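Trainee: Fold the following for me, if possible:
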Amino acid sequence: MRFVVAIVLFVVAFVGIGLGIAQRTVLAGPDHVTVETTTSGTAPVTVIDGSILNALPGTQTIDASGSETVFLAYGRTADVLAWVGDAPYNLLEWDTEAQTLGSSVQAGLEATVPAPSGSDLWVQEFSGVEELTRKINVPADASILIVGDGETPAPSSISITWPLDNSAPWSGPLIVGGGLALLAGLAAFVWALLHARRARGPRRKQPKLQASEAAAAAAGEAAQGHRGRTAARSAPALRRLRRRGRHGARARGLHVLGNSRAVPRRDPDRQPDARRRGNRGPPRARGHPASAGAHHGAHRDDGRRGRCGGR
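Mentor: You can find the predicted model right below:
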């Protein structure tokens, strides 16, 4: 059970840390949104109303390019339009539903405008060569003025960028919680290992054999091996002796009586045939030791009588 707890804590730790890192990397959304448009025509001025600049929250980043010189300034909307006067200008428009940027041309009588640099109407002004990028925070009642040199068409490429909040508030707690779960899992794993070792008990070392004991053990193993080989070699010899004994017993089936008469030895357990026996009693087994002894005794008595008669 302790190992199960450790494994569960490890899984929770890896999932928490993985989700916390993923929310800041692969699962993180974009950190900004950019819209852009291109103007056409010969109008020397481009005006961006403050309502467009505040269509999305955050500080705006303006990028203008498309002419040799780029001048950017912002001020109150009324002051900007008063400075433009009767000159034609490009007015940027915002599509709320599609969140896109467009432009339209406002007609005018004068083809050029004076140099805008240094006017006391501007809250702040910037200038650059061929391209200008500035981060500003324009209020809703102000507008931006973009001009080239006043005689040539205004910069044609304009883009506006707003920042987006892609912060992951749960990323930090997930990473911290995963780290704590990892430490708890390591502690549970060590605890489980110690408990398992205590459950098995202490390990006892086997005593080392002395030189004499080792030699005796080796000699015993050698003797056992020798007996095994001897028994393996003597087994065929014992089988041959048993076969020879059986053949000898069969050859001694005939028993010799006296010096010349040979009578087949009968098995004492075998019963005689009733047809041959007739009404006689059970015949005495000729091979019985008592019968043979009596026969030899009769010969000895005849010999004694002969010797006595001769005398």
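
Trainee: isn't Val20 right up against Ile175?
Mentor: Not quite, residue 20 is Gly, not Val. Yes. Assessed by CB atoms under 8 Å, Gly20 is found in contact with Ile175 at 3.6 Å. Where C-beta positions appear, they are placed from N, C-alpha and C, glycine not excepted.

Trainee: Between the two, which is the more surrounded one?
Mentor: When Gly20 and Ile175 are compared for neighbours, Gly20 comes out ahead with 21 against 18, by other CB atoms under 10 Å.

Trainee: Pull the contacting residues for the more buried one.
Mentor: 168, 170-175, 178 (CB atoms under 8 Å, 6 or more residues apart in numbering).

Trainee: C-terminal to the host helix or strand of it, what's the next element?
Mentor: Using DSSP states H and E, Gly20 sits within helix 2-24. Once the chain leaves helix 2-24, the next helix or strand it forms, by DSSP H and E, is strand 32-38.

Trainee: then that next one to CSV, C-alphas only?
Mentor: Written as CSV, here are the backbone C-alpha positions of strand 32-38 (Å, rounded to 0.1, in the frame of the first residue of the first chain):
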residue,chain,number,x,y,z
HIS,A,32,-0.9,40.5,-29.0
VAL,A,33,-3.3,41.3,-31.8
THR,A,34,-2.4,43.3,-34.9
VAL,A,35,-4.5,44.8,-37.6
GLU,A,36,-3.1,46.6,-40.7
THR,A,37,-4.3,48.4,-43.8
THR,A,38,-2.8,49.9,-46.9
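
Trainee: Could you pull out the buried residues of it?
Mentor: 35, 37 (16 or more other CB atoms under 10 Å).

Trainee: Output the contacting helices and strands for it.
Mentor: Under the contact definition 3 or more CB pairs under 8 Å, 6 or more residues apart in numbering; DSSP states H and E, strand 32-38 sits against strand 100-106, strand 157-163.

Trainee: Point out the most buried one among those strands.
Mentor: strand 157-163 (a mean of 18; mean count of other CB atoms under 10 Å).

Trainee: Return that one as PDB; C-alpha atoms alone will do.
Mentor: The C-alpha coordinates for strand 157-163 follow below in PDB (Å, rounded to 0.1, in the frame of the first residue of the first chain):
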ATOM      1  CA  SER A 157       1.300  50.900 -44.900                       C
ATOM      2  CA  ILE A 158      -0.100  51.300 -41.400                       C
ATOM      3  CA  SER A 159      -0.600  48.700 -38.700                       C
ATOM      4  CA  ILE A 160      -1.900  48.900 -35.100                       C
ATOM      5  CA  THR A 161      -1.000  46.400 -32.400                       C
ATOM      6  CA  TRP A 162      -2.700  45.800 -29.000                       C
ATOM      7  CA  PRO A 163      -1.400  43.600 -26.300                       C
END
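
Trainee: list the helices and strands it packs on?
Mentor: So strand 157-163, by 3+ CB pairs under 8 Å, 6+ apart, packs with strand 32-38, strand 45-49, strand 60-76, strand 100-106.

Trainee: for those, which one sits closest to Ala199?
Mentor: Closest to Ala199 of the helices and strands packed on strand 157-163 is strand 32-38 (CB to CB; 60.3 Å).

Trainee: Kindly list the single helix or strand of this protein that scores lowest on mean pLDDT.
Mentor: strand 254-257 (a mean of 41; mean pLDDT, DSSP states H and E).

Trainee: quick one, what contacts the residue nearest to Gly102 when sequence neighbours are not counted?
Mentor: Nearest residue to Gly102 in three dimensions, chain neighbours excluded: Glu93, at 4.7 Å (CB to CB, 6 or more residues apart in numbering). Glu93 is in contact with 52, 101-104, counting by CB under 8 Å, 6+ apart.
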